[in-house]
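> Just to be clear, the model below is a prediction. Sequence and coordinates:
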Amino acid sequence: MVRVKPFKAYRFNKAKAGDLSRLVTPPYDIIKGDMVDKFQSLSKYNMAWIIKNKPEAKDTPTSNQYTRARDHLNKWINDEILIHDEKESFYVYGQDFEIDGRKMLRFGFIGLIELEEFATSAPRSGIFSGVLQHEETLPKDIEDRLNLCRSAMANFGQIFVIYPDHERVIDTILERYMEHEPISDIVDGDRVRHRIWRIDNESDTRKIVELMESKYIIIADGHHRYKTALALMKEHPELESAKYRMLTFVNISNPGLAVLPTHRLVQNLEVFSKEKLLEEINKYFDIEIFGTTEEMFELMNKKFQSGDHSFGLFVNDGNFYVLTLNDLSIMNSLLSEKSKELRSLDVAILHTLILDKMLGIDKHKLEQGTMKGGGFVTYIKGIGDAVEESIKSVQKDGQAVFFMNPTRVSEVEAVSKNFECMPQKSTFFQPKVWTGFTINKLE
């Protein structure tokens, strides 16, 4: 059973904190390098002072980046920079954005969920509900986020989850509140508009709680943060508030739910031959050659729309290749223990048949890859100038880049319901949910 509940969020007091657009931030894992200074320079109350407080040479076990973050939070509350809402509420979170010139609106609600372990099997009878993970996570030490939670005892960043409501019953409730003036309204540097509305009517909050009881949720973004929350709960069994975590819930059928691809840059292989790779690929794929990325992506999209399994490829020989699998049955033997739904995923085909079987990049080597570089595979989000930059990387010192079509939301749902995980970085839900609109203090 998915147990959600409204809560009294701490929110920035505009009268004392100033312009909200200078206070809220992207998720902590997006803020890297110079971005930390950039956000902290916007305001002494910017969330980066808490979620990305920098370590210092003088730090000790009792005085460090995490205790400074805690002290910021407590001071902001004492000085009424952050104020506590008076009524238990859910919060509608809407984001207006564009993808390829198409205007979109994604919305859901922010609330608390009673924590439970990830589901691994369905009940013998009745409707399944619970918490599902949809992709494998890269090895990553959760100690950093856990230390922040231990010190501040608060939820700052969101965990983004999706849930099935194909009749859009909950969305209809949320849309009623979206007709009113939002309590928060900003536009970020990527021209994404973020708006928040509060649902504090007890009848509506109770209805949402009841409707969610029969649902399941799939973690779309924030697996590590969920695992951090579970760890904190186990450390504080006496604390009722630690049994809950703040999440952003979005309906799988929400028209603004968009998934973008994440491309794969192959590098650092001791032995690599583009001629041998293309020879191996030719055994299982139909290969078409183009002179531009535009032509490559145009055919990839056509293949995607027709249900074919295709990838783009660049190996610095002046060509752009489209590879289309000619017989899906090869996956039956390579992943015989997995479901048909997982065996049919583009990312599963690429990882199993090409990266592992042809290039020798097995699961262990994949675990060394990151979004920042290093290892044998770098994961590149399909936005902005990512395509051009990945091509330049191959021309400089990389070996190959595989361009992906996006994973469908229906595929995410199907694989998750089989209690299976897709390969890491199979999905990229855009835009990210931001930090600082609501804070949940563990009282």
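In hand now; what should we look at?
> List the buried residues in stretch 262-282.
For stretch 262-282, the neighbour count (16 or more other CB atoms under 10 Å) marks 262-268, 272, 274, 277-278, 280-281 as buried. In short, each C-beta sits where N, CA and C put it, glycine included.
> What's the end-to-end length of that stretch?
24 Å (CA to CA, to the nearest Å).
> Any idea how far the helix or strand containing Ala220 is from the middle of the chain?
Applying DSSP states H and E as the criterion places Ala220 in strand 217-221. Centre-to-centre, strand 217-221 and its host chain are 8 Å apart (CA atoms, centre = their mean, to the nearest Å).
> okay, Met422: pLDDT?
Per-residue pLDDT puts Met422 at 88.
> and if you look at Gly374?
The confidence metric pLDDT takes the value 65 at Gly374.
> same check, this time on the one 10 residues further on
pLDDT, the model's per-residue confidence, is 75 for Gly384.
> Next, the buried residues of the helix or strand of the chain with the lowest mean pLDDT.
When each helix and strand of the chain is scored by mean pLDDT, DSSP states H and E, helix 363-366 comes last, with a mean of 82. For helix 363-366, burial by neighbour count (16+ other CB under 10 Å) applies to Lys365, Leu366.
> ok, then the element right after it?
Elements were assigned by DSSP H and E; along the chain past helix 363-366, the next helix or strand is strand 377-381.
> quick one: the strands in the stretch 201-350 of the chain?
217-221, 244-251, 259-260, 262-266, 285-290, 310-314, 320-325 (DSSP state E, counting those that start in this stretch).
> Output the contacting helices and strands for the fifth one.
When you say that, I think you mean strand 285-290. The elements that strand 285-290 packs onto, with contact taken as 3 or more CB pairs under 8 Å, 6 or more residues apart in numbering; DSSP states H and E, are helix 293-305, strand 320-325.
> which residues sit against the last one?
The contact list for strand 320-325 (CB atoms under 8 Å, 6 or more residues apart in numbering) reads 278, 281, 284-293, 295-296, 299-300, 303, 308-315, 349, 353.
> Could you give the number of residues near Gly384?
9 (other CB atoms under 10 Å).
> Let's verify it: helix, strand, or coil?
With DSSP: H, G, I helix; E, B strand; the rest coil as the basis, Gly384 sits in coil.
> how much space between it and Leu260?
Spatial separation of Gly384 from Leu260 under the definition CB to CB, to the nearest Å is 11 Å.
> Can you tell me the closest non-neighbouring residue to Gln40?
Once flanking residues are discounted, Gln40 sits nearest to Ala48: 4.8 Å by CB to CB, 6 or more residues apart in numbering.
> what about the one you found, neighbour count?
Using other CB under 10 Å, Ala48 has 25 neighbouring residues.
> Repeat that for Asp29.
18.
> Figure out the helix or strand that it lives in.
If you go by DSSP H and E, Asp29 is not part of any helix or strand.
> Drop anything exposed from the contacts of strand 320-325.
Applying 16+ other CB under 10 Å to the contacts of strand 320-325, the neighbour count classes 278, 281, 284-285, 290, 293, 296, 299-300, 303, 308-315, 349, 353 as buried.
> So the residue lying closest to Ser344 once chain neighbours are set aside versus Lys417, what's the distance?
Leaving out its chain neighbours, the residue that sits closest to Ser344 by CB to CB, 6+ apart is Leu328, at 6.6 Å. Using CB to CB, we find Leu328 at a distance of 21 Å from Lys417.
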